[in-house]
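1. Predicted model and sequence follow; I will ask about them next.
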Amino acid sequence: MAEALKQFIERHKSLFWYTPESKKDEISESLLVENILNYGTLDDVRQLIQIMGINNIANIFFSAKDRKKLNYYPEIHNFFSHVFAKYAQKHSQ
């Protein structure tokens with residue numbers, strides 16, 4: 001995991017309260033994106049975009065729809081579907 005992502009997770013560790021401290025550096029990008037979009041502020045989302053890039057986040061976001069259980073709140077999923085469709089490069093939806 002990139003150092004910038006580790007620092008980002010450390011600053012937002014309250015969103016990962018259920019993950020033991022020793023395992024926080026093993027948080028997947030998909031879990032990170034899901035938690036920040038669901039529970040973070042818009043500033044948190046902007047910071048994550050600066051670190052990971054909007055196209056990468058959009059790909060992670062849209063690939064989650066193929067999972068059996070979609071963990072995004074409906075209003076969050078709707079909002080970011082529109083944001084990523086408008087601002088991210090073409091991706092598989």
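-> Sure thing, it's come through. Numbering: from 1, shown residues only.

2. Check the protein for me, the residue farthest from its geometric middle.
-> Each residue of the chain has a distance to the centre, and by CA atoms, centre = their mean the biggest one is for residue 22: 20.6 Å.

3. Before we move on, what's the pLDDT of it?
-> Looking at residue 22, its pLDDT is 92.

4. Sort out which residues of the lengthiest helix in the chain are buried, please.
-> Counting by DSSP state H, the longest helix found in the chain is helix 74-87. Residues of helix 74-87 classed as buried by neighbour count (16 or more other CB atoms under 10 Å): 77, 80, 81, 83, 84. C-beta: built from backbone N, CA, C; applies to glycine.

5. Report the residue spans of this structure with pLDDT below the cut-off.
-> 66-69, 90-93 (pLDDT under 70).

6. please redo it, this time with the cut-off set to 80
-> 1, 65-70, 90-93 (pLDDT under 80).

7. List the single closest residue to the residue most central in space within it in space, sequence neighbours excluded.
-> For the chain, residue 33 is the residue whose C-alpha lies nearest the centre (CA atoms, centre = their mean; 1.0 Å). Once flanking residues are discounted, residue 33 sits nearest to residue 60: 4.7 Å by CB to CB, 6 or more residues apart in numbering.

8. Now the one you found. Its backbone dihedrals?
-> phi -60, psi -50 (degrees, to the nearest 10).
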